[in-house]
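J.: I would like the atomic coordinates for the input below:
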Amino acid sequence: MAITSDVTYSTLQYIVKEATEGLKRRHAFLDYADKFKGIDIVDGGARIDVPVTVQDHSSITYHSSGFEATTDAVNTITQNASYDWGFWSAPIAISLKEKAVNRGDLAILDILEERTKNAIDKMGRDLNSQILTNSLVVGTCGVQTLYGNDAAAVGMLESVAKASQNNTVGGLSKSTYNVPGWTNAWASASGAFSTNGLGAMNSIYTQIQSVHRGARPVDCIIASEASFRLYKGSLQANERYVDAKSLDAGRMDLMFAGAPIAPDLALTQSSWTGDDIFSMYFINFSGVRLKMLSGFDFSLQATGLVDGSIVDQFRLLFGGQLVGLHLGSLGVLSNANS
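T.: Just a heads-up that it's a prediction; the model follows:
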């Protein structure tokens with residue numbers, strides 16, 4: 001008896017779930033977002049609105065005699081950053097001819113399994129690269145990015161001094177709301193990691209430490225392969241690895257001020273020069289979240305035969321958005337690949 005569509009669909013759903021877990025382990029940002037509870041599954045809504053603190057609520061009255069008049073004026077302290085949902089799909093198809101010539105249920109499932117894993121791997125690589133480098137462009141793919149040094153000027157992080165940051169994130173201009181919670185930490189190694197790298201990393205950590213939200217200043221650091229190698233070399237005999245569980249995930253992670261550092265090849269971009277080279281992201285997941293639509297967090301949909309063909313098709317679906325909540329809890333080290 002031929003395998004039924006219901007059995008095929010149920011099997012592929014299990015494969016998608018398993019492949020999604022593997023996807024998170026392969027990409028450092030997704031892995032750490034999962035481990036540090038930086039991924040939210042939400043029921044939806046037309047847009048994602050996030051309150052951002054842009055000024056102090058009230059003034060302090062300093063009393064010397066105790067009879068001074070108090071200042072009772074208060075301010076509305078928040079503005080809403082607003083984000084649309086990104087929505088992606090990828091087809092997974094098998095023709096009826098393939099089903100006919102590949103006799104046996106296992107042979108058909110093997111074909112679909114390989115195509116499903118390939119599709120989810122491609123979607124995961126694209127999502128990771130978009131988050132780290134804006135490789136797909138926010139306006140085209142709909143998903144926000146950490147990289148803010150391109151012409152679009154919508155990425156969350158910039159490699160300039162806080163007073164000069166002017167990107168628009170979630171509809172809020174960083175030049176209009178140039179406040180600690182909406183401007184990111186930054187330092188440059190100026191193309192000389194051996195001379196400036198560790199000092200710049202310490203500067204970023206200190207900047208975040210003074211304003212961060214959450215239990216710790218930095219949850220994790222995502223590094224380019226080159227800066228990771230240079231950081232590893234600078235530690236020499238003092239290098240410290242994280243526990244074996246992280247090493248079992250296939251990555252060699254180091255530590256900085258208690259935060260794990262992992263390399264990601266997506267940060268190797270030949271077109272970047274000078275301080276447009278983002279070498280390390282300092283991430284605090286109280287400052288940025290990956291929101292996913294419930295039921296569309298790498299999910300599968302059965303669509304049946306494609307019109308006018310003998311192709312049976314499924315669709316892999318992702319609905320989500322990278323959301324900035326407190327950019328002061330994030331930082332970037334630039335020009336540290338050499």
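J.: quick one: the helices in the protein?
T.: Secondary structure of the chain, counting by DSSP state H: helices at 5-26, 28-35, 96-101, 105-133, 138-141, 198-209, 225-235, 244-248.
J.: where does the stretch 201-338 of the chain have low pLDDT?
T.: Along the stretch 201-338 of the chain, segments meeting pLDDT under 70 span 236-252.
J.: in it, which spans are strands?
T.: Secondary structure of the stretch 201-338 of the chain, counting by DSSP state E, counting those that start in this stretch: strands at 220-223, 254-256, 259-263, 278-283, 288-305, 311-324, 331-334.
J.: do you know which of the ones you listed lies nearest V52?
T.: Nearest of these to V52, taken as C-beta to C-beta: strand 311-324 at 8.2 Å. For the C-beta atoms, the positions are set from N, CA and C on the backbone; glycine is no exception.
J.: buried stuff in the closest one?
T.: When burial is assessed from 16 or more other C-beta atoms under 10 Å, strand 311-324 yields the following buried residues: 311-314, 316-324.
J.: looking at the helices of the chain, which is buried most?
T.: With neighbours defined as mean count of other C-beta atoms under 10 Å, those peak in mean count at helix 28-35, which reaches a mean of 21.
J.: next, the angle from that helix to helix 105-133.
T.: If you take axes from the mean of the first three to the mean of the last three C-alpha atoms, to 10 degrees, helix 28-35 sits at 100 degrees to helix 105-133.
J.: and helix 28-35 with strand 311-324, angle?
T.: 80 degrees.
J.: which strands or helices does helix 28-35 pack on?
T.: Using 3 or more C-beta pairs under 8 Å, 6 or more residues apart in numbering; DSSP states H and E as the contact test, the elements touching helix 28-35 are helix 5-26, helix 105-133, strand 220-223, strand 259-263, strand 278-283.
J.: picking up where we left off before, can you add distance to L330 and give the helices of the chain back as TSV?
T.: What follows is the helices of the chain, written out as TSV (distance: least, C-beta to C-beta, whole Å):
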stretch	distance to L330
helix 5-26	20
helix 28-35	12
helix 96-101	47
helix 105-133	12
helix 138-141	17
helix 198-209	7
helix 225-235	17
helix 244-248	22
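J.: out of these, the one nearest P263 is which?
T.: The nearest among the helices of the chain, by C-beta to C-beta, is helix 225-235 at 3.9 Å.
J.: keeping just the C-alphas, turn that closest one into PDB.
T.: C-alpha atoms of helix 225-235 as PDB (Å, rounded to 0.1, in the frame of the first residue of the first chain):
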ATOM      1  CA  GLU A 225      36.200  34.200  12.000                       C
ATOM      2  CA  ALA A 226      39.200  36.600  11.700                       C
ATOM      3  CA  SER A 227      38.500  38.600  14.900                       C
ATOM      4  CA  PHE A 228      37.800  35.300  16.800                       C
ATOM      5  CA  ARG A 229      41.100  34.000  15.700                       C
ATOM      6  CA  LEU A 230      42.900  37.200  16.700                       C
ATOM      7  CA  TYR A 231      41.100  37.200  20.100                       C
ATOM      8  CA  LYS A 232      42.100  33.600  20.700                       C
ATOM      9  CA  GLY A 233      45.700  34.400  19.800                       C
ATOM     10  CA  SER A 234      45.700  37.300  22.200                       C
ATOM     11  CA  LEU A 235      44.700  35.100  25.200                       C
END
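J.: need the residues that contact that helix.
T.: Here helix 225-235 makes contact (C-beta atoms under 8 Å, 6 or more residues apart in numbering) with 189, 193-194, 197-198, 201, 223, 239, 254, 256, 261-265, 267-268, 279-280, 333, 336-338.
J.: so which residue is dead centre in this structure?
T.: I131 (4.6 Å; C-alpha atoms, centre = their mean).
J.: F29 is in contact with that one, correct?
T.: Yes - here I131 reaches F29: they are 5.7 Å apart, a contact under C-beta atoms under 8 Å.
J.: can I get the strands of the stretch 201-338 of the chain in JSON lines with distance to A153?
T.: Shown next, in JSON lines, are the strands of the stretch 201-338 of the chain (distance: least, C-beta to C-beta, whole Å):
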{"stretch": "strand 220-223", "distance to A153": "22"}
{"stretch": "strand 254-256", "distance to A153": "29"}
{"stretch": "strand 259-263", "distance to A153": "27"}
{"stretch": "strand 278-283", "distance to A153": "15"}
{"stretch": "strand 288-305", "distance to A153": "18"}
{"stretch": "strand 311-324", "distance to A153": "14"}
{"stretch": "strand 331-334", "distance to A153": "15"}
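J.: re the thing from before, drop anything exposed from the contacts of helix 225-235.
T.: Buried subset of these (neighbour count, 16+ other C-beta under 10 Å): 189, 193, 197-198, 201, 223, 254, 256, 261-264, 267, 279-280, 333, 336-337.
J.: next one: D31 from Q13, what distance?
T.: Relative to Q13, D31 is positioned 22 Å away (criterion: C-beta to C-beta, to the nearest Å).
J.: picking that back up, among the helices and strands packed on helix 28-35, which is nearest S299?
T.: Proximity to S299 (C-beta to C-beta) singles out helix 5-26 among these, at 6.9 Å.
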